[in-house]
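K.L.:
I would like to see how this sequence folds:
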Amino acid sequence: MFEKFFNLKANNTNVRTEIIAGITTFMTMAYILAVNPDILSVTGMDKSAVFSATTLSAIVGTLVMALWARLPFGLAPGMGLNAFFAFTVVLGMGYSWQFALTAVFLEGIIFLILTAFNVRELIVNAIPMNLKHAISAGIGLFIAFIGMQNTGLIVSNDATLVALGDMSSHSVWITFFGLILIGVLLALKVRGALLIGIFAATVAGIPFGVTHLPEGAWLTLPPSIEPIAFKFEFSSIFTIDMMIVLFTFLFVDMFDTVGTLIGVSSKANMIKEDGSLPRAKQALFADAIGTTVGAMLGTSTVTTYVESASGVAEGGRTGLTSLTTAGMFLLALFFAPIFLMVPGAATAPALILVGSFMLSPVLKINFDDYTESIPAFLTIVMMPLAYSIAEGIVFGMLSFVALKLLSGKTKELSWIMYVLTVLFLLKFFM
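P.N.:
Below is the predicted model:
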């Protein structure tokens, strides 16, 4: 059944590989089940209800990706977008969380319309091939940076922005243990190396207090979403602030998702020779549906997760990978204490090493043409430095258009590139 529906042989994979890949993807993105409720609860939202809404929206979005797009990507409420929801819209601008949820709901509806009319797919296909390779490399550096932050290996610093963390920290050494173990397993070509490493680091962290065993029952019923579900504030739709908030949600989610799809697909060699991504429209529908349903349930914008690269690195190539990830989220609804005990120090090694895997498309970039190499470089370097996939794409695209235009290579620019340039500039001014 799985072979026929997901076409496993044609994708050079099998059921075992896909399931391991799906579990690995889940383990590297499961932190959102703890982090999202923490962030959104500062707005006054019920923390337990947000946990259920987060998990359910991840299940819905990932199932659409699995069964319709049949691509190996996991979805859940996105980091960055949840912080904008809580700290900017609610705490900063002074609006209610119901106002913010309304903006997310409208964003989802607009994305459904844009996807139906192929606007988002048009953008994916319009990005030049060299930038597509650069996006993969930039995401690699970005997720490696996230992994180092999660374990405290890299910390913020007033003088230098970032600095080396406390090297006497147990978390850091658990991460090093995981890095070496996964590295050895990869060298020995052991399948499931990332997942084995995450599990081993989790167990190793118990005696050092890095991994905290659950207190009380390990099997629990999901908390009710009633306090936050369908709580919209439609009276504020036609306001300037709603327009600004909505535009920000749209922009960041649009290019985070596009960047993730392109970057991970490039690493998996799923992009066609003409630069297009198979079933891109269905994949973009997945995050649009996830966002719309997520807002109804009571959570922030749902997006495709860059941590999906960990599953792809394990060999995941089809929707069976994401179907497995969705199944793990379903289990998490009832076994949350078990999944939430996995520390950042255990998942950090997987993210760091996947970051290194994703650098390989750099070899395909044409560095002899400066109108190609400079935009590619800016795309790569701006993602970790600006802490945003979307901003990396913006700097890459703007410099690409400017260099081609001023170098007289206008034939290499499509009308879509000009439109995107105008939108990017508007975004900065707004």
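
K.L.:
Can you name the next helix or strand after the lengthiest helix in the chain?
P.N.:
What stands out as the longest helix in the chain, according to DSSP state H, is helix 240-267. Where DSSP states H and E defines the elements, the next helix or strand beyond helix 240-267 is helix 280-297.

K.L.:
Please work out the average pLDDT along that following helix.
P.N.:
The predicted model gives helix 280-297 an average pLDDT of 94.

K.L.:
Show me what it is packed against.
P.N.:
On a contact count with 3 or more C-beta pairs under 8 Å, 6 or more residues apart in numbering; DSSP states H and E, helix 280-297 meets helix 47-64, strand 75-77, helix 97-116, helix 119-126, helix 240-267, strand 302-304. The C-beta positions use only the backbone N, C-alpha and C, and glycine is treated the same way.

K.L.:
Redo the ones you listed as JSON lines? Include mean neighbour count.
P.N.:
Formatted as JSON lines, the helices and strands packed on helix 280-297 follow (neighbours: other C-beta atoms under 10 Å):
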{"stretch": "helix 47-64", "mean neighbour count": "26"}
{"stretch": "strand 75-77", "mean neighbour count": "31"}
{"stretch": "helix 97-116", "mean neighbour count": "21"}
{"stretch": "helix 119-126", "mean neighbour count": "19"}
{"stretch": "helix 240-267", "mean neighbour count": "22"}
{"stretch": "strand 302-304", "mean neighbour count": "29"}
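
K.L.:
Which one, of the ones you listed, ends up nearest to residue 210?
P.N.:
helix 47-64 (22.4 Å; C-beta to C-beta).

K.L.:
Flag the shaky bits of the stretch 1-150 of the chain, pLDDT-wise.
P.N.:
Within the stretch 1-150 of the chain, no stretch has pLDDT under 70.

K.L.:
same question for the helix or strand that residue 393 is a member of, mean pLDDT?
P.N.:
Residue 393 belongs to helix 389-406 when assigned by DSSP H and E. Summarised as a single mean, pLDDT over helix 389-406 is 90.

K.L.:
buried sites along it?
P.N.:
Across helix 389-406, burial judged by 16 or more other C-beta atoms under 10 Å covers 389-401, 403-405.

K.L.:
Can you tell me which of those residues is closest to residue 252?
P.N.:
Nearest to residue 252 among the buried residues of helix 389-406 is residue 390, at 5.1 Å by C-beta to C-beta.

K.L.:
Contacts only, for that closest one.
P.N.:
Applying C-beta atoms under 8 Å, 6 or more residues apart in numbering, we find residue 390 in contact with 251, 252, 254, 255, 256, 259.

K.L.:
ok so, going back, from the buried residues of helix 389-406, pick the one nearest residue 368.
P.N.:
Nearest to residue 368 out of the buried residues of helix 389-406 is residue 403 (C-beta to C-beta; 14.1 Å).

K.L.:
Tell me how far that closest one lies from residue 67.
P.N.:
Distance from residue 403 to residue 67, counting by C-beta to C-beta, to the nearest Å: 42 Å.

K.L.:
and what of residue 333?
P.N.:
Using C-beta to C-beta, residue 333 is found at 19 Å from residue 67.

K.L.:
now residue 81
P.N.:
Using C-beta to C-beta, residue 81 is found at 25 Å from residue 67.

K.L.:
And residue 92, by the same measure?
P.N.:
Plainly put, residue 92 is 38 Å away from residue 67 if you go by C-beta to C-beta.

K.L.:
Looking at these two, which has the bigger crowd around it?
P.N.:
Per other C-beta atoms under 10 Å, whichever of residue 92 and residue 67 has more neighbours is residue 67, with 16 against 10.

K.L.:
didn't that one look like it was pressed against residue 319?
P.N.:
Yes: with contact defined as C-beta atoms under 8 Å, residue 67 reaches residue 319; the gap is 6.3 Å.

K.L.:
Please identify the residue most distant from the middle of this protein.
P.N.:
residue 408 (36.5 Å; C-alpha atoms, centre = their mean).

K.L.:
same for the strand or helix carrying residue 147, what does it pack against?
P.N.:
Applying DSSP H and E as the criterion places residue 147 in helix 129-151. For helix 129-151, the packing partners by 3+ C-beta pairs under 8 Å, 6+ apart come out as strand 154-157, helix 170-187, helix 240-267, helix 308-313, helix 344-357, helix 370-386, helix 389-406.
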